[in-house]
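Undergrad: test case, fold it:
(one chain, ligands or ions: 1)
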Amino acid sequence: MSYQTTWNLSRYFYTGLDDPKLVLDIGNILPSSQAFAQKYQETFPKFETPEQILEFYADYTQFSHDLATPSYYLFYRSSLDTQDLEVTKRMWEVDYIYNEASNLLLFIAQWWKEIGYERILAWSEDPKLALYKNDLVSTADSLKYILSEKEEYVLNIKSRPLGLAGSLHDELTGSYEFRMQIDGVEKILTEEEVRSYRQHPERTLREASYLALRDVYNTKQNQISLGNIYTTIVKDWSSEIKMRNYSENVMAQRNLSEEMDDEVVDMLLSEVEKAYPLYVRFLKAKAKILCIEKDFSIWDVWAPLGKSEKEFTFSEAYDLHLSVMKDFDTDFYNYSIEMIEEGRIDALPRPGKRGWAFASYRKGEPSFVLLNFTGKLRDVSTISHELGHAIHGHLSQIQEAPVYDSPLSLAETASIFSEMLLGEKVKSLVSKEEYKEYLNERLWDIFATIFRQVQYVTFEREVHNQIHSGSELTYKDLNRLWRIEQEKMNQGVVLYDREAEDESGWSMIPHIFHTPFYCYAYAFGNLLTFALYNKVQDGSLSKEQYKDILRAGGSERPRDLLGRYGIDIASSDFYTSGLREVEKMVEEFEVLV
Ligand SMILES: [Zn+2]
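TA: Predicted structure coming up:
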C-alpha cells in the first residue's frame with residue numbers, strides 16, 4: 001500500500017504562524033510564569049507534607065508542558081523548512097521569552113536548597129511520592145552545586161552571550177563553501193554534500209572530498225577562529241567546575257547529568273580503547289577487498305565495497321519495517337502503524353528540509369519522526385532506528401513528566417535494538433554481495449558510534465585536563481593531540497594526507513563544541529543494546545522485561561535499573577561481552593572477504 005509521507009502538524013498543533021491560538025500561547029508564557037512564581041514564591045519553602053509536593057509537581061509539569069508547545073511547533077516547522085525566515089525569527093523571539101521566564105523561576109532551585117538534602121531525601125522515600133523518587137534524588141544530589149539566587153541570575157544572563165561561542169561554530173562552518181572537481185567541472189558544495197563523496201566508489205572523488213574539506217578548514221584564519229572558539233568553551237567549562245565546586249574530574253558535570261558514576265564512565269572508555277585492534281582488523285579486511293593494501297589512506301576508510309543494486313520505495317521499506325515489528329511484538333507493530341497512519345512521519349527529502357533524521361517525543365504527546373528517505377538499504381535501517389525512539393517515547397508515557405526522559409545513556413536502546421532486528425531480516429532477503437555491503441556499512445556504523453565516540457571523548461578529556469590545570473593550547477597543539485588519539489585507533493594502518501600539526505579533524509565535530517563529553521553516551525548505549533539484544537534472544541530477558549526497561553524512562557538511575565535485570569554496568573564483563581559482539585561481526589566480515 002502507499003503511505004502518507006508528510007507530517008500533519010495542524011492536527012496536533014496550530015494551523016499556521018497566524019493561528020490566533022499560537023499568538024495567544026506565546027503571549028501567555030511570561031504572564032503564566034509570573035502567576036506560577038507568585039503562587040509558590042512564598043509557600044514553597046514552608047512545604048511540610050508530601051501532598052503539597054505532589055500538588056507542586058502537578059502544577060509545575062502542566063505549566064511547563066503548556067509553555068513548551070509553541071516551541072515544539074516552531075521547531076518542527078523549521079525542520080521542514082530551515083530557510084523559512086518567518087519561522088526562524090519567531091523561534092528566536094520565543095527563545096528570548098523563555099530566557100526571561102526562566103529568570104522568574106530561579107527561586108525554585110533556591111527553595112530546594114532551603115528545604116535541604118535530608119528532607120528531600122526523606123521525601124524521596126515516601127510511598128506517596130514514589131512516582132517522583134528519581135527526580136527528588138537528583139534534586140537532592142544537585143543542591144551542593146547551586147549558587148545563590150543573585151549569582152545564578154548573573155550566570156543565566158551571561159549564559160546567553162557565552163552560548164554564542166557554540167553558535168559561532170555553527171554559523172561559521174555553515175557559511176563555508178567547498179570546491180570540488182566533479183567530472184572535470186568545478187562545483188561549489190555544502191559540507192554535507194562534500195562529506196557524502198567520502199563514501200563514493202571512485203577513489204579519486206573520495207580523495208578530492210577530503211582535500212576539499214581540508215582546503216577550507218585548514219586555512220590559517222579558520223584554524224585561529226575555531227581553535228579559539230573551542231578553547232573558550234573549554235575554559236568556560238573549567239570555570240564552572242571552580243565556581244560550582246564540582247570534583248576535579250573534568251567530566252564530573254556531564255556524568256552527573258547523565259546519572260553515570262565516574263568509575264563506570266572510566267571503565268567504558270578504557271575497555272573500548274582496549275578493543276581498538278578490532279577496528280584495525282576491519283580496516284585491513286576492507287583494504288584487501290578494495291585491493292589497496294599498500295596505500296590504504298584516510299579517504300578509503302569510508303569507501304563502499306561495491307555498488308549495491310537494491311533500491312526501495314518508501315512503502316516497500318516501511319512494509320519491511322512493519323513486518324519486522326510484527327514478528328517481534330504487537331505494541332511495536334501497532335505503534336508503527338499509528339505513526340504512519342496519523343501523519344507523524346515526514347519521510348522524503350525536500351529542498352530546505354533539515355538533514356539526517358530524528359525522533360522527537362515528550363510527556364503527554366505522541367512521537368514525531370523526521371526522515372530523509374532516499375531508497376537505500378541504509379535508509380531502511382534509519383526507519384527502524386527512529387521508530388525505535390518513537391516507541392520508546394510512547395512506552396515511557398506511564399512515567400510522570402519530571403522522570404519521563406531517559407538519560408542519554410539509555411536513550412539509544414530501543415533505536416539500536418530495532419535496527420538489529422531489521423538487520424536479521426535483511427540478512428535473509430539480500431544476496432551475498434549485498435549482505436557484504438550491508439555488513440561493511442553496519443560495522444562502519446558500529447565503529448563510528450562506539451569507537452570513534454570514545455576517541456572524541458578521550459581527546460576532549462586530554463584538552464580539558466590540560467586547560468583546567470592552567471596550560472594554554474594553540475590550534476596546532478589541538479591538532480597534534482587529535483592525531484595522537486586518531487593514531488591510538490588506527491594503529492599505523494592508515495596513511496594520512498598531512499602532518500600531525502595540520503590535523504584539523506576535531507574542529508569539524510559540533511558535539512565537542514555544544515555538549516562536552518556527551519559522545520560517550522552513544523558508545524554506552526550501543527554496548528548496552530548488544531547486551532539486551534542477546535539476553536532477549538537467549539531468553540534470559542523476556543520481551544516484557546525489555547519493554548519494562550523502556551517504560552522506566554528516567555525513573556531510575558541506569559545502574560540500578562539495569563542491575564535489577566542482571567546487567568552490571570560497573571563490571572568489565574559487561575563491556576567485554578558487548579565488544580565480543582563486535583568481534584563476531586568482524587570475524588564474519590573477514591570470512592566474507
Ligand atoms: Zn538515535
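Undergrad: touching, Ile416 and His392? I think so.
TA: No: in this structure, Ile416 is not within contact of His392 by CB atoms under 8 Å, at 10.8 Å. Using the backbone N, CA and C atoms, a C-beta is placed for each residue, glycine as well.
Undergrad: ranges for the strands of the stretch 251-400 of the chain?
TA: 345-346, 358-360, 368-370 (DSSP state E, counting those that start in this stretch).
Undergrad: run the chain-centre distance for the last one.
TA: To tie it back to what came earlier, the one meant is strand 368-370. Remark: strand 368-370 is offset 15 Å from the chain centroid, using CA atoms, centre = their mean, to the nearest Å.
Undergrad: for that strand, packing partners?
TA: Under the contact definition 3 or more CB pairs under 8 Å, 6 or more residues apart in numbering; DSSP states H and E, strand 368-370 sits against strand 345-346, strand 358-360, helix 377-395.
Undergrad: out of these, deepest packed?
TA: strand 345-346 (a mean of 26; mean count of other CB atoms under 10 Å).
Undergrad: ok, Ile115 - contacts?
TA: Counting by CB atoms under 8 Å, 6 or more residues apart in numbering, Ile115 makes contact with 45, 47.
Undergrad: and Glu342, by the same measure?
TA: 8, 11, 366 are the contacts of Glu342 under CB under 8 Å, 6+ apart.
Undergrad: and if you look at Tyr153?
TA: By CB under 8 Å, 6+ apart, the neighbours of Tyr153 are 103, 106.
Undergrad: mind doing that once more with 10 Å?
TA: Under the criterion of CB atoms under 10 Å, 6 or more residues apart in numbering, the neighbours of Tyr153 are 103, 106, 147.
Undergrad: that one: which element?
TA: Counting by DSSP states H and E, the element that carries Tyr153 is helix 149-174.
Undergrad: Ile97 is nearest to which of the strands of the stretch 251-400 of the chain?
TA: The closest of the strands of the stretch 251-400 of the chain to Ile97 is strand 358-360. By CB to CB, the value is 20.9 Å.
Undergrad: okay, now the unreliable bits of the stretch 101-250 of the chain?
TA: The stretch 101-250 of the chain contains residues with pLDDT under 70 at 163.
Undergrad: one step back: what would the helices and strands packed on strand 368-370 look like in CSV with mean pLDDT and distance to Ala35?
TA: As requested, those are exported to CSV (pLDDT from 0 to 100; distance: least, CB to CB, whole Å):
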stretch, mean pLDDT, distance to Ala35
strand 345-346, 98, 36
strand 358-360, 93, 28
helix 377-395, 94, 30
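Undergrad: give me the buried subset of the contacts of Glu342.
TA: By neighbour count, with 16 or more other CB atoms under 10 Å, those hold Pro366 as buried.
Undergrad: ok, so of the contacts of Glu342, who is nearest Val403?
TA: Using CB to CB, Pro366 comes nearest to Val403 of these, at 19.4 Å.
Undergrad: quick check: Thr576 touching Ser270?
TA: No: using CB atoms under 10 Å, Thr576 makes no contact with Ser270, being 11.3 Å away.
Undergrad: give me the contact list for the helix or strand following the helix holding Tyr153.
TA: Sequence-wise, the next helix or strand downstream of helix 149-174 (DSSP H and E) is strand 178-182. Applying CB under 10 Å, 6+ apart, the external contacts of strand 178-182 come out as 186-191, 193-195, 197, 200, 202, 204-205, 208-209, 211-217.
Undergrad: could you rerun that using 6 Å?
TA: Residues outside strand 178-182 that contact it (CB atoms under 6 Å, 6 or more residues apart in numbering): 186-189, 194, 208, 212, 216.
Undergrad: just these: which are in helices?
TA: Among the contacts of strand 178-182, DSSP state H puts 194, 208, 212, 216 in helices.
Undergrad: quick one: which two of the residues you listed are the most distant?
TA: Farthest-apart pair in these is Ala208 and Val216; separation 13.2 Å (CB to CB).
Undergrad: the more surrounded of these two?
TA: Higher neighbour count among Ala208 and Val216: Ala208, with 20 against 16, using other CB atoms under 10 Å.
Undergrad: if we ignore the residues flanking it in sequence, what's nearest the more buried one?
TA: Met180 (5.3 Å; CB to CB, 6 or more residues apart in numbering).
Undergrad: swap in Ser247?
TA: Asp262 (7.6 Å).
Undergrad: tell me the pLDDT of the one you found.
TA: In the prediction, the pLDDT value recorded for Asp262 is 93.
Undergrad: that one is in contact with Asn255, isn't it?
TA: Yes: between Asp262 and Asn255 a contact is recorded at 5.5 Å, counting by CB atoms under 6 Å.
Undergrad: between these two, tell me which one has more neighbours.
TA: Relative neighbour count places Asn255 above the other of Asp262 and Asn255, with 21 against 13, counting by other CB under 10 Å.
Undergrad: next, the contact list for that one, please.
TA: 262, 265.
Undergrad: do Trp299 as well
TA: 206-207, 210.
Undergrad: repeat for Ala411
TA: Listed by CB under 6 Å, 6+ apart, Ala411 has no contact partners.
Undergrad: now Phe312
TA: Contact analysis of Phe312 by CB under 6 Å, 6+ apart lists 375, 380.
Undergrad: state the distance from Ile182 to Ala212.
TA: 10 Å (CB to CB, to the nearest Å).
Undergrad: more crowded one of these two?
TA: Using other CB under 10 Å as the criterion, Ile182 and Ala212 rank with Ala212 on top: 22 against 14.
Undergrad: returning to that earlier point: now, among the contacts of strand 178-182, which is nearest to Thr474?
TA: Using CB to CB, those come closest to Thr474 at Val216, 19.7 Å.
Undergrad: that closest one contacts Tyr176, correct?
TA: Yes: using CB under 6 Å, Val216 is in contact with Tyr176, at 4.9 Å.
Undergrad: in the stretch 51-200 of the chain, which spans are strands?
TA: 178-182, 185-189.
Undergrad: give me the number of residues near Glu171?
TA: There are 10 residues near Glu171, going by other CB under 10 Å.
Undergrad: ditto for the one 10 residues further on
TA: Using other CB under 10 Å, Gln181 has 13 other residues around it.
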